[in-house]
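Peer 1: model the structure of this input:
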Amino acid sequence: MLRRTHVLPFTTEDDGRIDVVFLEERDGRVTAFLDRLCRLLRRLEGRRRDVVLEALRRQERRVRDARRLAGLAKVLLDAGRFEPDPLAERAPAVRDAVFRARGELWPPVPGDVDAPYQAAAAGLGMTVREARDALYADRPDRRRLARAPRWDGRRLLHRYNMELARAVLLDAVEMTVTARGGWGDVFRTVKLARLMYRIERADDGYRATLTGPAAPYVTRARRYGIRFARVVPALTRAPGWRLDATILRDDRRLAYTLQAGGAIRTRARRTRYDSAWEKGLAAEFADKIGPERDGWTLIREERPVPVHDDVFLPDFTVRHHDGREALVEIVGFWTPEYLRAKLDKVRRAGLDNLILLVYRGLAAGATEPADDRDRSGDAGDGTAAGGAGHDRDRSQAGAGTGDAADLPAALDDAAAGPVLWFARKPRIGAVMEAVERVARRPSP
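Peer 2: As a prediction, the model looks like this:
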């Protein structure tokens with residue numbers, strides 16, 4: 001990731017706002033030069049890091065601003081894979097032997113420059129040249145470029161601009177992000193980065209507000225800032241994304257905005273599935289939902305649901321063109337602890353248009369409850385459970401969760417919508433029947 005020194009020369013301030021002067025294409029000359037840098041780095045595979053860095057620095061004569069080149073070189077080096085020098089493991093032993101030999105031969109006399117290395121090499125079974133090469137072989141700049149990124153100039157240009165945009169956020173007090181979809185990648189990144197956030201409804205969907213590294217109560221701001229900046233690449237994969245941040249600069253608060261359609265390229269979002277069940281359900285929907293159910297679409301991880309200080313992101317949203325929608329969540333292999341946490345989140349969400357698809361197999365050695373067939377209707381896949389059973393007293397939803405065998409019944413009680421149990425894989429027919437029964441227009 002770029003540092004503040006790489007981005008400060010390319011930021012401007014005007015009327016309480018901060019903007020980044022991104023690198024732009026000019027008649028193909030910029031990408032042609034960046035192509036040259038990418039090819040140069042590939043030719044340097046196997047060389048030491050300090051040699052690679054010097055080769056990139058020598059390109060200064062071809063650019064107008066060496067500060068741009070410094071940032072581009074940092075982006076390229078960060079994307080390359082460097083491996084330790086073959087002699088790195090022996091470096092501590094070589095240093096110990098050489099310094100010990102120099103101490104024994106002190107004071108030095110003319111002509112004995114090689115004497116410490118000869119003494120160390122003899123004791124370590126090495127040649128004098130190997131001892132010299134190994135002396136500081138474990139330094140970071142002695143690591144060797146094992147693989148350069150397979151980029152072209154256009155990709156390097158977009159990556160560099162992305163890194164400039166992220167580096168500004170190292171001084172963010174707070175950041176608000178909005179998007180029309182793609183929340184799965186965003187919240188997966190937020191949670192893995194262990195960021196502080198809150199989520200709320202907005203006019204055009206949802207809005208997530210994240211605490212930035214410059215907030216007064218954030219400790220280890222540098223580490224937190226690096227994790228904080230990871231949100232930007234995930235956000236650019238979402239449709240209609242926008243970022244609004246407050247940047248602290250010399251005790252002044254400046255507004256900073258990025259959005260889709262600007263200098264930061266919106267990347268195509270790859271559909272990611274967490275399990276074969278999710279992938280299979282999406283494929284079955286695409287294959288079998290035709291004219292008889294015209295108007296329904298299946299969208300992966302689109303609608304986050306705020307649940308107090310947490311967020312619940314159902315696996316799928318099934319939406320009709322008239323505005324009705326239902327949410328689908330698959331609960332696959334589970335342990336009692338996992339299902340208890342899921343139960344609590346479902347209960348707090350209180351969504352009557354949420355359809356839970358739960359795998360019959362129980363984890364942690366528990367056995368299937370005897371009344372499972374009665375709740376599910378039969379032993380087939382995807383048969384609706386619950387129904388009238390949901391009229392039972394909700395205050396008892398958490399009862400009986402002490403044993404793993406009681407958890408399925410507790411899940412039925414906790415869910416405000418249908419619960420479908422499956423033995424092998426969810427069936428799209430049963431899912432769509434439940435969808436048509438509970439789908440509704442979202443609350444404004």
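Peer 1: does residue 183 really touch residue 206, like I thought?
Peer 2: Yes. Using CB atoms under 8 Å, residue 183 makes contact with residue 206 at a distance of 6.9 Å. C-beta here means a position set from N, CA and C on the backbone, and glycine is covered the same way.
Peer 1: the two: which is more packed in?
Peer 2: Neighbour count, other CB atoms under 10 Å: between residue 183 and residue 206, residue 183 has more, with 24 against 21.
Peer 1: residues in contact with the nearest residue to residue 119 once chain neighbours are set aside?
Peer 2: Nearest residue to residue 119, sequence neighbours excluded (CB to CB, 6 or more residues apart in numbering): residue 101, at 3.9 Å. Taking CB atoms under 8 Å, 6 or more residues apart in numbering as the contact definition, residue 101 lies against 115-117, 119-120.
Peer 1: ok, residue 316 next?
Peer 2: 278, 281-282, 298-301, 327-329.
Peer 1: and if you look at residue 260?
Peer 2: Contacts of residue 260 by CB under 8 Å, 6+ apart are 236, 239-242, 266.
Peer 1: check the gap between the one residue sitting closest to the centre of the chain and residue 74 for me.
Peer 2: Nearest residue to the geometric centre of the chain (CA atoms, centre = their mean): residue 189, 3.6 Å. Using CB to CB, to the nearest Å, we find residue 189 at a distance of 22 Å from residue 74.
Peer 1: same question, residue 186
Peer 2: 26 Å.
Peer 1: quick one on the thing from earlier: the contacts of residue 316 into TSV, with extra columns for secondary structure and distance to residue 165?
Peer 2: Shown next, in TSV, are the contacts of residue 316 (DSSP: H, G, I helix; E, B strand; the rest coil; distance: CB to CB, whole Å):
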residue	secondary structure	distance to residue 165
278	helix	32
281	helix	36
282	helix	32
298	strand	32
299	strand	27
300	strand	26
301	coil	24
327	strand	33
328	strand	34
329	strand	34
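Peer 1: what is the nearest of those to residue 178?
Peer 2: residue 301 (15.9 Å; CB to CB).
Peer 1: element containing the residue nearest to residue 47 when sequence neighbours are not counted?
Peer 2: Leaving aside its sequence neighbours, residue 47 sits nearest to residue 145 (CB to CB, 6+ apart; 5.8 Å). Under the criterion of DSSP states H and E, residue 145 resides in strand 144-147.
Peer 1: likewise residue 210?
Peer 2: Going by DSSP H and E, residue 210 is in strand 205-211.
Peer 1: pull out the buried residues from that strand.
Peer 2: 205-208, 210-211 (16 or more other CB atoms under 10 Å).
Peer 1: in its sheet, what does whatever helix or strand residue 421 lives in sit against?
Peer 2: Secondary structure assignment for residue 421, by DSSP H and E: strand 419-422. According to DSSP bridges, strand 419-422 has the following sheet partners: strand 354-359 (parallel), strand 383-385 (antiparallel).
Peer 1: need the contacts of residue 101 in a markdown table with distance to residue 158 and pLDDT, can you?
Peer 2: As requested, the contacts of residue 101 are exported to a markdown table (distance: CB to CB, whole Å; pLDDT from 0 to 100):
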| residue | distance to residue 158 | pLDDT |
| --- | --- | --- |
| 115 | 55 | 92 |
| 116 | 51 | 93 |
| 117 | 48 | 93 |
| 119 | 54 | 92 |
| 120 | 49 | 93 |
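Peer 1: which of those residues has the most neighbours?
Peer 2: residue 120 (25 neighbours).
Peer 1: domain parsing for this protein?
Peer 2: 4-81+150-259, 88-142, 276-438 (automatic domain parsing).
Peer 1: appreciated, that's everything.
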